[in-house]
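S.K.: Build me a model from this:
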Amino acid sequence: MEMVIDFPGGARVDAHFGSYVVPTDQPPTGGGQGSAPTPFATFLSTIGTCAGIYVLGFCRQRGISTDGIRLVQRMGADPMTGMVTDIRVTIELPESFPAKYADAVVRAAEQCAVKKHFEHPPVIGVDSVIRAAAH
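M.R.: A predicted model of the protein is given here:
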C-alpha cells in the first residue's frame, strides 16, 4: 500500500490512498484553522475505531443490535513529556446487551489490528529523494 501526503494549504497535511483522503489540520493556536483533526488525534482515533469494527462484527455475527453500544477511549499522558503513557478503551453496553457476551465482546475488540501493531510495532524509516522536474 502506498499513501501520498500533500500540503493543500495553511497548516493542512492530507494523506491520499486509493480513493480516500484523510485530512489533517492544526488548531488555530498551532497555526492552522482547526478544519480537521490533528495528525496525532487521527492516529489515536484508529485505536477505538478499529476496536469498534471488531465489536460491530461480533454483534452482527450474533444478531445483536448495536443500538446503545459505544466505545469510550481515554488516554493518560506523562505530564513532563506529554507522551501518551496508557490508553483505555471501555465498551459501554446497554442493559439489553446479553450479559453472557460481555467478556466475549471485549476479547473481540482486543483482536484489533491497530492494537496488535502497537504491541509489535513496525520499524519506521524516513528518508528523502530529490525528484526530477516534470517536463
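S.K.: so how far is Phe97 from the residue nearest to the spatial centre of the chain?
M.R.: For the chain, the residue sitting closest to the mean C-alpha position, by C-alpha atoms, centre = their mean, is Thr46 at 1.2 Å. To Phe97, Thr46 is 25 Å away according to C-beta to C-beta, to the nearest Å. Just so you know, the C-beta spots here come from the backbone N, C-alpha and C atoms, and that holds for glycine as well.
S.K.: rewinding a little: per-residue pLDDT of the residue nearest to the centre of the chain, please?
M.R.: The predicted local distance difference test score for Thr46 is 96.
S.K.: Next, the buried residues of the biggest helix by length in the chain.
M.R.: Looking across the chain with DSSP state H, the single longest helix is helix 39-62. Neighbour counts over helix 39-62 (16 or more other C-beta atoms under 10 Å) mark 44, 47-48, 50-52, 54-55, 58-59 as buried.
S.K.: And the furthest pair within the residues you listed?
M.R.: In terms of C-beta to C-beta, the buried residues of helix 39-62 reach their longest pairwise distance at Leu44 and Cys59, which sit 23.8 Å apart.
S.K.: so Ala104 is in which element?
M.R.: Ala104 belongs to helix 102-109 when elements are defined using DSSP states H and E.
S.K.: for Val72, same thing?
M.R.: Applying DSSP H and E as the criterion places Val72 in strand 70-77.
S.K.: Would you mind identifying the next helix or strand past that strand?
M.R.: Using DSSP H and E, the helix or strand that follows strand 70-77 in sequence is strand 84-92.
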